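J.: Using only what follows, build the 3D model:
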Amino acid sequence: MSTAIRVKLSLMMFLEFFIWGAWFVTLGPFLGNTLHATGAQTGAVFSTQSWGAIIAPFIIGLIADRYFNAERILGILHILGAVLMYQMYKATDVSVFYPYVLGYMVLYMPTLALVNSVSFNQIGDPEKEFSSIRVWGTIGWIVAGLAISYLFHWDSPDGVKSGFLKNTFMMAGIASLILGLFSFSLPATPPKTPTGEKVSISQLLGLDALKLLKDKNFAVFFIASILICIPLAFYYQNASNFLTDIKVNNPTGKMTIGQGSEVLFMLCLPIFFKKFGFKKTILVGMLAWALRYAMFAYGNAGELSFMLIIGIALHGVCYDFFFVSGQIYTDSKAGPQYKSAAQGLITLATYGVGMLIGFYVAGLISDSYNSAAGHDWKMIWLIPAGIAAAVFLLFAVFFKDKSQIQTSSVQS
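T.: Numbering: from 1, shown residues only. The predicted structure follows:
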């Protein structure tokens, strides 16, 4: 790969995740303080991510893989996304905001697969080269959070009170427009599937891989994957709102610690995997969810602020040790015929069904523990901690797979 192409792909990844990090992290405080949304309304807005994940396979499978170059569709989707971001910036009511964010997520979620497609089309050895390009996406997310907190101070108490968080949508929209235009200069990535070849709905959604559920251990893993997404949704929906509400300084900037730890623990994962195996690795990931929420429940912005920082820093363990490990396990269980379908099925189960349920539950719990005195954050965090602990026990008791799994696919 030439240096010029590597720089282009790295910039593409940087902008792709800068856009997401520029508005999604602060969405909770924006909805609650600027649009005065209820917990249920906030959950409905966050669930648009899940609807986007469910619809994305159709866009990729029916359009991107069959008719048009991936880089061109990427450009068009981001230009349209910039228009919707501007409408979100102007919205003054959650009922007006919702259709725009739903439309945006339906457009954005497919781009996550498209940037990978464009990258892999240029990479000779994905195992060795992809991580050095993908890491720029994490850096982009971190830069967006640092800019919000330390450059613009939009998430400061005065900034939140003054409604400055709406500026995050303008920033994301500008970045989306830039990436949209830039995409047309990316290396050509033609469609892979011949236009005359029929693709079934079950293939698009990865439903062909349902045959794997005949394996009891895989079925336990599959169910656990859906259930663990319920506490995961609490983090996405409530963490920023929680830190803002208890007046933690520069909350968005501090949440970038989670992305930093994600990079660190990704490097540690192959070592842990090799030494302790799949079951223990994934159990550590589940236990980390329960521990981080307990930290949030009992920490505060004062003398116990270190507990909040530890909770945020555990994001790398939570995400890498469960989700990345799960992708490796799924790949090992699926034969060559079902590898892509199996990954699609797990994505649909987690970011689709699991997160959809999770955002709904998180919204109900947030409303149930909200009063004139404010949110009872201790209970709001203890409930997902209990759910994560229950999933941990479920998996520990019923998952019996002793087979060895290759870990080369997570080497960076």
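J.: for the helix or strand harbouring V220, which positions count as buried?
T.: In the assignment (DSSP states H and E), V220 maps to helix 216-245. By neighbour count on 16 or more other CB atoms under 10 Å, the buried set for helix 216-245 is 217-218, 220-245. C-betas here are computed from N, CA, C, even on glycine.
J.: From the contact counts, what lies against it?
T.: helix 27-29, helix 39-46, helix 251-298, helix 325-333, helix 355-368, strand 374-375, helix 377-398 (3 or more CB pairs under 8 Å, 6 or more residues apart in numbering; DSSP states H and E).
J.: Which one of the ones you listed lies nearest to M85?
T.: Set against M85 and scored by CB to CB, those come closest in helix 27-29, at 12.4 Å.
J.: Pull up the gap between W20 and I346, please.
T.: Applying CB to CB, to the nearest Å, the value for W20 to I346 is 20 Å.
J.: Please compare these two by neighbour count and tell me which comes out ahead.
T.: I346 (26 against 21; other CB atoms under 10 Å).
J.: Helix, strand or coil: sort out that one for me.
T.: Secondary structure assignment for I346 (DSSP: H, G, I helix; E, B strand; the rest coil): helix.
J.: What about the nearest residue to it once chain neighbours are set aside, how many residues nearby?
T.: Using CB to CB, 6 or more residues apart in numbering and skipping the chain neighbours, the partner closest in space to I346 is T330 (5.2 Å). T330: 22 surrounding residues under other CB under 10 Å.
J.: got it, and the one 4 residues further on?
T.: One way to gauge burial is a neighbour count; for A334, by other CB under 10 Å, it gives 22.
J.: Tell me who's in contact with it.
T.: When contacts are counted by CB atoms under 8 Å, 6 or more residues apart in numbering, A334 is found next to A209, L212, A341, A342, Q343.
J.: switch the cut-off to 7 Å
T.: For A334, the contact set (CB atoms under 7 Å, 6 or more residues apart in numbering) comprises A209, L212, A342.
J.: Give me the below-cutoff pLDDT ranges for this protein.
T.: By pLDDT under 70, the weakly predicted segments of the chain are 60-62, 64-65, 127, 192-208, 335-341, 402-412.
J.: Repeat the analysis, applying 50 as the threshold.
T.: Filtered on pLDDT under 50, the chain yields the residue ranges 407-412.
J.: what about L304, distance to D320?
T.: 26 Å.
J.: So for these two, which sits in the more crowded spot?
T.: More crowded of L304 and D320, by other CB under 10 Å: D320, with 24 against 11.
J.: give the contact list for the closest residue to that one other than its chain neighbours.
T.: Closest residue to D320 apart from its sequence neighbours, by CB to CB, 6+ apart: F265 at 4.5 Å. Residues in contact with F265, defined by CB under 7 Å, 6+ apart, are G316, V317, D320, F321.
J.: From Y329, how far out is F265?
T.: From F265 across to Y329, the span is 17 Å (CB to CB).
J.: what's the answer for T252, then?
T.: To Y329, T252 is 33 Å away according to CB to CB.
J.: out of those two, which sits in the busier spot?
T.: T252 (29 against 24).
J.: Settle this for me: that one is touching Y150, isn't it.
T.: No: assessed by CB atoms under 7 Å, T252 is found out of contact with Y150, at 9.0 Å.
J.: Let me see the contact set for S261.
T.: A313, H315, G316.
J.: contacting residues for the second one?
T.: Pointing back at H315 there. G258, S261, E262.
J.: mind redoing it with 8 Å?
T.: By CB under 8 Å, 6+ apart, the neighbours of H315 are Y235, I257, G258, Q259, S261, E262, R292.
J.: State the helix or strand in which K247 lies.
T.: Using DSSP H and E, K247 falls outside every helix and strand.
J.: Tell me the spacing between G163 and T350.
T.: Distance of G163 to T350, computed by CB to CB: 34 Å.
J.: quick one: which of those two has more around it?
T.: Higher neighbour count among G163 and T350: T350, with 23 against 14, using other CB under 10 Å.
J.: The more buried one: what secondary structure?
T.: Relying on three-state DSSP, one would call T350 helix.
J.: Would you agree it is in contact with A233?
T.: No: using CB atoms under 8 Å as the test, T350 is too far from A233 to be in contact (10.5 Å).
J.: contacting residues around the nearest residue to T42 once chain neighbours are set aside?
T.: Leaving aside its chain neighbours, T42 sits nearest to L31 (4.8 Å; criterion: CB to CB, 6+ apart). L31 makes contacts with A37, Q41, T42, V45, V94, F97, as judged by CB under 8 Å, 6+ apart.
J.: Swap in 10 Å and give it another go.
T.: 37-39, 41-46, 94, 97, 101, 165, 237, 241 (CB atoms under 10 Å, 6 or more residues apart in numbering).
J.: repeat for T168
T.: Neighbouring residues of T168 by CB under 10 Å, 6+ apart: 21-27, 29-30, 85, 88-89, 144, 147-148, 152, 154-155, 252.
J.: from the contacts of F265, which single one is nearest V118?
T.: D320 (24.1 Å).
J.: Next, format the contacts of F265 as a markdown table and append secondary structure and distance to L283.
T.: Formatted as a markdown table, the contacts of F265 follow (DSSP: H, G, I helix; E, B strand; the rest coil; distance: CB to CB, whole Å):
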| residue | secondary structure | distance to L283 |
| --- | --- | --- |
| G316 | helix | 16 |
| V317 | helix | 11 |
| D320 | helix | 14 |
| F321 | helix | 9 |
